[in-house]
Structures are given as structure tokens and as C-alpha cells.
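In: The sequence and its predicted three-dimensional model are supplied below.
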Amino acid sequence: MCTAATYKTKDFYFGRTLDYEISYGDQVVITPRNYVFDLREGGQLKNHYAMIGMACVMENYPLYYDAVNEKGLGIAGLNFVGNASYKKPVEGKDNITQFELIPWILGKCATVKEARQLLKNMNLIDTPFLPDLPVAQLHWIIADKEECITLESLEEGMKIYDNPVGVLTNNPPFNYQMFNLNNYMQLAVENRSNTFSENLELNQYSRGMGGMGLPGDLSSQSRFVRVAFVKMNSLSGDSEEESVSQFFHILGSVDQQRGCCKLGEDKYEITLYTSCCNTDKGIYYYNTYDNHQISAVDMHKADLEGEKLYTYAPIKGEQIRMQN
Ligand SMILES: C[C@H](CCC(=O)NCCS(=O)(=O)O)[C@H]1CC[C@H]2[C@@H]3[C@H](O)C[C@@H]4C[C@H](O)CC[C@]4(C)[C@H]3C[C@H](O)[C@]12C
């Protein structure tokens, strides 16, 4: 499972949790403007916007999971198993493979508005990156500081939904996730008085009872509701530290602890990393399952006119500051 979210204070923040049982060899990767992407169906993507995000690099190619470009546009891919449907190439269309989608959009578009235009002629195709590498079944959240959308390529075709909550998890399709929020419209951040029955004396015995009914389990539908509630009600100061801190708290509400989601003998899904990118500044903050300290990579410290990828292995192991 995975969860992605956006958050706006003075700047705009975009990030995700990546929940899985194995790592593909995640690295923070900066792709400068003159790195050349050879597109599978012909042509090249060069002189594009620079981008930063989490990826695994295979054959010197950044296979991004989530990234933000220098203009402040962000995308994250989240599992959409059983519903994602990619097509065969169609003449006259921009035939883009699933693994090219992030660089294709971030390389060419400065805003969601521009991405909407580019997507009009795009056909997502099912070519794997390598013959023995399975094609990831994903859907995507695409956001800038003005608006957020969800992109799904389904059996019946491509859907682009407005995403007014600025969050995404996994199944079911996004329109069902949004509809499901109706079931929770009674949730409140304030305590409520007794509306159950005036003939019964029922009292608030705890703080936080306005949120009674907020689902606490790890299913993707429950995480969608939980992170939507937390994000929509989130408050923080607007300094960088306060904003980043609050962002990690938002995604902390859907963190997955080892042991709670069993997939097989000794196999558990955990939150491998959580990211938070300041899209205005191009700084990618992250922490990992075994290192809660926030680390960061600033894309503007790299030569963005370059041609070669910059890669940063995540800093692992808890960094504990002893006080005595
Ligand atoms: C596993 C990741 C998604 C995590 C997630 O959503 N888990 C939910 C589990 S569940 O369904 O809800 O059970 C996805 C997100 C991005 C994916 C990667 C990117 O798409 C880039 C390439 C794409 C290639 O097709 C496969 C390898 C790969 C390197 C992908 C591996 C894996 O599928 C990733 C890392």
C-alpha cells in the first residue's frame, strides 16, 4: 500500500509513503535538463525540465516512483493492481510506457494545466522496461500549487479526475474513494454533544470523540479516509521546518509498522520511505523505515544543465542524538 498527499502553507509540498515488502534499490535521483531519455516508441526527450525524486536506476535510466520538476509540478505512482490497464501503441498518439510517464510529463509540463493538455493525446502502453521485469500496475496523482488530478488508465480508457482532497492511495478506483468520503461527513475535529437520544444521558468522556468512526486499519480505502481527514484539517506554521514537520505527521497517520500486514511466511509490508518535496524550492526530504531523522537533497545544488544523473543512496540506520 502507499499513500500520497499534498500540503500548502507558504510553499507547496508533495510527497508519499512507499509501502512494500521489498526495496527495488531506491535512491534519490536528480535528472538534469540535458540527460536524454530515449523513448520506447521512438524519439527522445531532451532539453527538458530538471526533476528530483525517488527512483531505482537501471541501465542508467531513472525509474521514478515519485518526482517533482523545477517548475513545481509533482507526480507519484501508486499501486492500482487489477484495475490498471495499459494498451498497445496507436498510430497518431503519443505512445508512452508506464515507466516513461513521470519523465514525460515532468520533462515537458510546468503545471497541471499543461499536463492536462499533454495527456489528451497520450496512450499508456504496456511495454516492460526489461523483458523479465513486470510492468507495474499504477495510477497517479499529479499536482502543483493550484490544482491536483488523478490519472487512471482503465480497461475502458483513460480517466482524469479532479482531486480536491489532494490525496491518493490504492484500490478501488478514485471515483469510488471520493464517493466513500460521504460515509464519513459526520466526522468532526470538535467534540460533539449527544444527538443519539435525548432520553439517554450520554457524555463525552474523552477528547477527540468527534473523530469517532475514522477508520484505523491499513486497507487502502481506510487509509484514504484517514489521510483525507488528517490532511483537510491539518494546521501548522508556514516556516519550512513547521511545514515539513506537519507533512510527515500527515503521512505518519498511515504509516505501516512491520508485523501488521502479513503477506507470507516472514514477509510483511512496511513503509519503506516517506517523502516530502518542497516543490517551490526543489528540496526532497525523506525518512526511511529504519531512519526517522529527516534527510534532504536540494536539486538546485546540482548542475541542472548537466547530462548525467545525480544519485543519493538513502541514509539508513537510526540517528539518535544522545543528550547526556
Ligand atoms: C511497489 C510500488 C508501489 C507501492 C504500493 O502502492 N504498494 C501497495 C501494495 S498494494 O497493491 O496495495 O497491496 C511501485 C511504485 C512505483 C513502482 C516502480 C516504478 O513504476 C518504476 C519501475 C516500473 C517497472 O515496470 C517495474 C519496476 C519499477 C521499479 C516499479 C516497481 C514497483 O512497482 C513500484 C516501486
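Out: Good, I have the coordinates. Quick caveat: nothing in here was measured; it's all calculated off a predicted structure.
In: Spell out which parts of the stretch 151-300 of the chain neighbour the ligand.
Out: The stretch 151-300 of the chain has residues 170, 220 near the ligand, with proximity defined as Cβ under 6 Å from any ligand atom. C-betas here are computed from N, CA, C, even on glycine.
In: closest point of the stretch 151-300 of the chain to the ligand, which residue?
Out: Distances between the stretch 151-300 of the chain and the ligand by Cβ to the nearest ligand atom are smallest at Asn170, namely 3.9 Å.
In: is it true that that residue touches Asn79?
Out: Yes. Shown here, Asn170 and Asn79 form a contact pair, counting by Cβ atoms under 8 Å, at 4.9 Å.
In: Looking at those two, which is more packed in?
Out: Higher neighbour count among Asn170 and Asn79: Asn170, with 23 against 20, using other Cβ atoms under 10 Å.
In: For that one, which non-adjacent residue is spatially closest?
Out: Ser220 (3.8 Å; Cβ to Cβ, 6 or more residues apart in numbering).
In: List the contacts of the residue of the stretch 151-300 of the chain closest to the ligand.
Out: Applying Cβ atoms under 8 Å, 6 or more residues apart in numbering, we find Asn170 in contact with 1-2, 78-81, 220.
In: Now do the strands in the stretch 201-324 of the chain.
Out: For the stretch 201-324 of the chain, the strands defined by DSSP state E, counting those that start in this stretch cover 262-264, 267-268, 270-278, 283-288, 291-298, 310-312.
In: What pairs with the longest one, parallel or antiparallel?
Out: In its sheet, strand 270-278 lies beside strand 12-20 (antiparallel), strand 283-288 (antiparallel), with partners assigned from DSSP bridges.
In: surely Asn83 meets Lys159?
Out: No. Using Cβ under 8 Å, Asn83 is not in contact with Lys159, being 10.4 Å away.
In: what is in contact with the two at once?
Out: Residues touching both Asn83 and Lys159 (Cβ under 8 Å, 6+ apart): 152, 173.
In: Which one of those two is surrounded by more residues?
Out: Asn83 (18 against 15).
In: where's that one relative to Pro172, distance?
Out: Applying Cβ to Cβ, to the nearest Å, the value for Asn83 to Pro172 is 7 Å.
In: For stretch 235-255, give me every contacting residue.
Out: By Cβ under 8 Å, 6+ apart, the residues outside stretch 235-255 that reach it are 3, 5, 7, 9-11, 13, 15-17, 169, 218, 223, 226-227, 230-231, 234, 271, 274, 276, 278, 281, 285, 287, 294.
In: again, but for stretch 84-103
Out: Applying Cβ under 8 Å, 6+ apart, the contact partners of stretch 84-103 are 31, 37, 39-41, 45, 48, 51, 53, 62-64, 66-67, 75, 77, 104, 118, 121-127, 129, 135-140, 152-155.
In: Show me which of the residues you listed are buried.
Out: Neighbour-count burial (16 or more other Cβ atoms under 10 Å) is assigned, among the contacts of stretch 84-103, to 31, 37, 39-40, 45, 48, 51, 53, 62-64, 66-67, 75, 77, 104, 122-125, 127, 129, 136-140, 152-153.
In: So which of those residues sit within helices?
Out: Here DSSP state H is the test, and the buried ones among the contacts of stretch 84-103 give Trp104 as lying in helices.
In: what's the helix or strand for the residue of the chain most remote from its centre?
Out: Here the centre of the chain is the reference, and by Cα atoms, centre = their mean the most remote residue is Asn199, at 47.5 Å. Using DSSP states H and E, Asn199 falls within no helix or strand.
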